[in-house]
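A.B. asks: Got a predicted structure here, sequence first:
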Amino acid sequence: MNIDLSEIRELLAILNQTDVTELTIEAEGFRLSIRKESGKTVVQTGVGSPPAPVAPAAPVVNEAPAPPPAPPATPDRPTIDVVSPMVGTFYRAPSPDAANFVEVGDVVRVGQTVCIIEAMKLMNTIDSEAAGRVVEILVENGEPIEYGQKLMRLEPV
């Protein structure tokens, strides 16, 4: 069985978005065992397959000043929460020297990238599922986040 690193990464990304806690694949002298333990994913490969080298990800640190306080949402209008679809690390920009995807007060459209979540050394773009104005960003850049955690709030426009 020939399996490459991109296929393993794809499996890990899918597993991080599900409640599956363990997966084992065995074929023709190859064994891949993936197990999630308390927010971590452990990958083991069996004899017959050399371990694939994984380059360490460069830490992403945004040294921009903290965003200004969010203007309060209009009390009679509900807000829409953007939530994390996976466990990982939250980043507001694609790289340390790049501008943030969104700021408080920005209007976002459906499908617009609002942040990146790094999970298992993979950078996953998170797109808005609703249109609205960003009224609050609830997570600091570089902060670890959990599945289902609220990342930001939008006010429908």
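C.D. replies: Cool, got the structure.

A.B. asks: tell me which element the closest residue in space to residue 150 that isn't next to it in sequence is part of?
C.D. replies: With C-beta to C-beta, 6 or more residues apart in numbering as the criterion, residue 150 has its nearest non-adjacent residue at 4.7 Å, and that residue is residue 81. Placement of C-beta: from N, CA and C, glycine included. Per DSSP states H and E: residue 81 is located in strand 80-83.

A.B. asks: Remind me what the following helix or strand past that strand packs against, helices and strands.
C.D. replies: Per DSSP H and E, the first helix or strand lying C-terminal to strand 80-83 is strand 88-91. In this structure, strand 88-91 makes packing contacts with strand 113-119, strand 144-145, judged by 3 or more C-beta pairs under 8 Å, 6 or more residues apart in numbering; DSSP states H and E.

A.B. asks: looking at the ones you listed, which is closest to residue 34?
C.D. replies: Across the helices and strands packed on strand 88-91, residue 34 has its closest neighbour in strand 113-119 (13.2 Å, C-beta to C-beta).

A.B. asks: tell me the domain boundaries of the protein?
C.D. replies: The chain breaks down by automatic domain parsing into domains covering 5-45, 80-155.

A.B. asks: I'd like to know how far residue 104 sits from residue 134.
C.D. replies: Remark: distance between residue 104 and residue 134 (C-beta to C-beta, to the nearest Å) = 5 Å.

A.B. asks: Compare the two and say which one has the larger neighbour count.
C.D. replies: Between residue 104 and residue 134, residue 134 has the larger neighbour count (other C-beta atoms under 10 Å), namely 23 against 16.

A.B. asks: Who does the one helix or strand the more buried one maps to pair with, and is each partner parallel or antiparallel?
C.D. replies: Element membership of residue 134, judged by DSSP H and E, is strand 132-137. Under the criterion DSSP bridges, strand 132-137 sits next to strand 107-108 (antiparallel), strand 150-155 (antiparallel) in its sheet.
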